[in-house]
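J.: Give the three-dimensional model of this entry:
(one chain, ligands or ions: 2)
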Amino acid sequence: MAGLLSANGGSKKHKVTVVGSGNWGSTISKIIAENTKEHPDLFEEDVQMWVYEEEVTYEDKTQKLTTVINTHHENIKYLPNIKLPTNLIANPSLEDAVSESTILIFNLPHQFIHRICGQLKGKIVPYARGISCIKGVNVTDEGVSLFSEWIGEGLGIYCGALSGANIASEIAAEKWSETTVAYDPPPMDSSRNPSRNPTPRSATPNRSNNSNNSPRASADELSITPLADTQHRDVRGRISKTRLTPVPPEYPPLDHDTFKTLFHRPYFHVRMVSDVAGVSLGGALKNIVALAAGFVDGRGWGDNAKAAIMRVGLLEMVKFGHEFFGETISTGTFTEESAGVADLITSCSGGRNFRCAKKAVEKGISVQEVEQAELNGQKLQGTSTAVEVNSFLKRRGLEQEYPLFTAVYNILEGRNSVDDIPNLVART
Ligand SMILES: NC(=O)C1=CN([C@@H]2O[C@H](COP(=O)(O)OP(=O)(O)OC[C@H]3O[C@@H](n4cnc5c(N)ncnc54)[C@H](O)[C@@H]3O)[C@@H](O)[C@H]2O)C=CC1
Ligand SMILES: O=C(CO)COP(=O)(O)O
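T.: Ligands and ions are numbered 1, 2, ... in the order given. Below is the predicted model:
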């Protein structure tokens, strides 16, 4: 593969920055830094990792977290006991960390991304491309959007997504897992070497008319008129308002081969797909289902109840995807990929949302109280996603169509109890 990539590459190398350094952020940074070292034809060896600076106690001294990471090559707060590669550089300055980077990996709890993207505007190179590892959705008055969409539109770049059955601590310890990377190269990038990419999903206009979230694609969009040089289709199949700047030819192409090389490790197997919406939604919605699995497990109902939660949860995830993202979503992403059913299973078995929900029921306290007491600064995504998805459904009068998502929200709010779940989801 290296020979082919060199032959297609240019004189410059991609600089990679990971925005975020939590449990998963540090793990993905480790993977990437291992790969940039092994592929000097494609990437600069040093990888920048932006760290939200804080003070930590190390060897009886109060020190900055970035200093500890850069000196001892360990993120002692969010990924303790894992050696990080020496070519991974912790940087407390967001602006400096992303300067001249052509590949931006977004990996932080979803509640912080708005502020961080605001700070990034105008600070990145216009031809950068992104991958979002964030598991959550963005809900506004206009509707629900994915962080890959939101980052792409906000920063004027194209952004794909990485998601899978990926409990960070296992991957950091180099135990085998799979993941799904969704990237639908914009035509101006894939035209550099079409044979290295699958048929783009964006070549097929979205003919769906069942989305009450996003406007239908216009007649113009549905026509097969070729896109202008700087245009691409968004994850819903519409012509994106964002005008992209092509990746300069001096750089190796940013396509499926390059992203696979960036993420694939012997212990972290990557499958590349083009369904950015399906991959992003799978990662976000399974967190609500994992809370429900924790609730019934905490109640002592055992594996049959948990399997029932996963069945109903998967159905609601697929229904949500088709209802609000139309035909651009592939059911197979949920049923066949790591980002779908596999992530659902692992999250309902050992994820933080599952564990905290379970303990909350066992102790008779709130999930937030368990999060505060047990996670040492790590953040649950399921609780806020349950609230956000509920507010989106409620505004459209659709709560009853998604009985499990609604039950989880109502249990978090104290309006339902775990004992209500069987009857609430009985129709599904
Ligand atoms: N941890 C895991 O096993 C996995 C997590 N994910 C997803 O990855 C994303 C990131 O999660 P983690 O890396 O696990 O984060 P985490 O749960 O470890 O969160 C802590 C991170 O948030 C940062 N932070 C705290 N306050 C902040 C502020 N005010 N502004 C900006 N950053 C602040 C901390 O510095 C730290 O880096 C989430 O969307 C999560 O769902 C995905 C797969 C696995
Ligand atoms: O996304 C995850 C596993 O794929 C991790 O889930 P938690 O955030 O619930 O730990």
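J.: residues from this structure in reach of ligand 2?
T.: 135, 165-167, 287, 290, 343, 346-347, 351-353, 381 (CB under 6 Å from any ligand atom). For every residue, glycine as well, the C-beta is placed using N, CA and C.
J.: 8 Å instead, please
T.: Counting by CB under 8 Å from any ligand atom, the residues of the chain close to ligand 2 are 23-24, 135, 163-168, 283, 286-287, 290, 343, 346-347, 350-355, 380-382.
J.: Filter those residues down to the buried ones and hand me the ChimeraX line.
T.: Buried members of those, defined by 16 or more other CB atoms under 10 Å, are picked up in ChimeraX with:
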select :23,24,135,163,164,165,166,167,168,283,286,287,290,343,346,347,351,352,353,354,355,380,381,382
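J.: Look up how far Glu55 lies from whichever residue of the chain sits closest to ligand 2.
T.: Ligand 2 sits closest to Gly351 of the chain, with a gap of 2.9 Å, by CB to the nearest ligand atom. In this view, Gly351 and Glu55 are 29 Å apart by CB to CB, to the nearest Å.
J.: The helix or strand hosting Val139 pairs with which strands?
T.: Using DSSP states H and E, the element containing Val139 is strand 137-140. Strand pairing for strand 137-140, determined by DSSP bridges: strand 143-146 (antiparallel).
J.: How far off centre is the partner strand?
T.: In this view, strand 143-146 has its centroid 14 Å away from the chain centroid, taken as CA atoms, centre = their mean, to the nearest Å.
J.: got the contact list for the helix or strand that it is followed by?
T.: Using DSSP H and E, the helix or strand that follows strand 143-146 in sequence is helix 147-155. The contact list for helix 147-155 (CB atoms under 8 Å, 6 or more residues apart in numbering) reads 106, 110, 113, 117, 120-121, 124, 128, 130, 132, 134, 136-138, 157-161, 182, 234-235, 240-242, 276, 280.
J.: Among those, name the ones in helices.
T.: Among those, the members found in helices (DSSP state H) are 113, 117, 120, 276, 280.
J.: State the distance from the third one to ligand 1.
T.: What that stands for is Leu120. To ligand 1, Leu120 is 13 Å away according to CB to the nearest ligand atom, to the nearest Å.
J.: Repeat that for the first one.
T.: Relative to ligand 1, Ile113 is positioned 9 Å away (CB to the nearest ligand atom).
J.: backbone phi and psi for the closest residue to Lys175 other than its chain neighbours, please?
T.: Closest residue to Lys175 apart from its sequence neighbours, by CB to CB, 6 or more residues apart in numbering: Tyr267 at 6.5 Å. Phi and psi for Tyr267, reported as degrees, to the nearest 10, are phi -100, psi 0.
J.: if we can go back for a sec, mind giving me CSV with the ones in helices among the contacts of helix 147-155 and columns for pLDDT?
T.: CSV is the format used below for these (pLDDT from 0 to 100):
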residue, pLDDT
Ile113, 94
Cys117, 95
Leu120, 97
Val276, 95
Ser280, 96
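J.: can you list the residues of the stretch 1-150 of the chain near ligand 1?
T.: Near ligand 1, when you scan the stretch 1-150 of the chain using CB under 8 Å from any ligand atom, you find 20-27, 51-52, 54, 65, 77-78, 107-110, 112, 115-116, 133-136.
J.: just the buried members of those?
T.: Buried by 16+ other CB under 10 Å: 20-27, 51-52, 65, 77-78, 107-110, 116, 133-136, out of those.
J.: so where's the stretch 1-150 of the chain uncertain?
T.: Counting by pLDDT under 70, the stretch 1-150 of the chain has low-confidence residues at 1-9.
J.: Quick one: the strands in it, in order.
T.: 16-19, 47-50, 55-58, 61-64, 88-91, 103-106, 129-132, 137-140, 143-146 (DSSP state E, counting those that start in this stretch).
J.: mind giving me TSV with these and columns for mean neighbour count?
T.: As requested, these are exported to TSV (neighbours: other CB atoms under 10 Å):
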stretch	mean neighbour count
strand 16-19	28
strand 47-50	28
strand 55-58	14
strand 61-64	12
strand 88-91	22
strand 103-106	26
strand 129-132	26
strand 137-140	19
strand 143-146	22
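J.: Quick one: the ones you listed as TSV, columns for distance to Ile82 too.
T.: Formatted as TSV, the strands of the stretch 1-150 of the chain follow (distance: least, CB to CB, whole Å):
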stretch	distance to Ile82
strand 16-19	15
strand 47-50	13
strand 55-58	15
strand 61-64	18
strand 88-91	11
strand 103-106	18
strand 129-132	22
strand 137-140	29
strand 143-146	29
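J.: looking at those, which is closest to Pro226?
T.: strand 129-132 (21.6 Å; CB to CB).
J.: So what's the gap between that closest one and the chain middle?
T.: 10 Å.
J.: and that strand, what other elements does it pack with?
T.: strand 103-106, helix 147-155, strand 158-163 (3 or more CB pairs under 8 Å, 6 or more residues apart in numbering; DSSP states H and E).
J.: Thought Asn138 was touching Leu146, still the case?
T.: Yes: taking CB atoms under 8 Å as the definition, Leu146 is a contact partner of Asn138 at 7.0 Å.
J.: Enumerate every residue touching Glu362.
T.: Here Glu362 is in contact with Gly298 (CB under 8 Å, 6+ apart).
J.: what's the distance between it and Glu327?
T.: In terms of CB to CB, Glu362 sits 43 Å off from Glu327.
J.: Grab the nearest non-local neighbour of whichever residue of the chain sits closest to ligand 1.
T.: Per CB to the nearest ligand atom, Gly22 is where the chain lies closest to ligand 1, at 2.4 Å. Leaving aside its sequence neighbours, Gly22 sits nearest to Tyr78 (CB to CB, 6+ apart; 4.8 Å).
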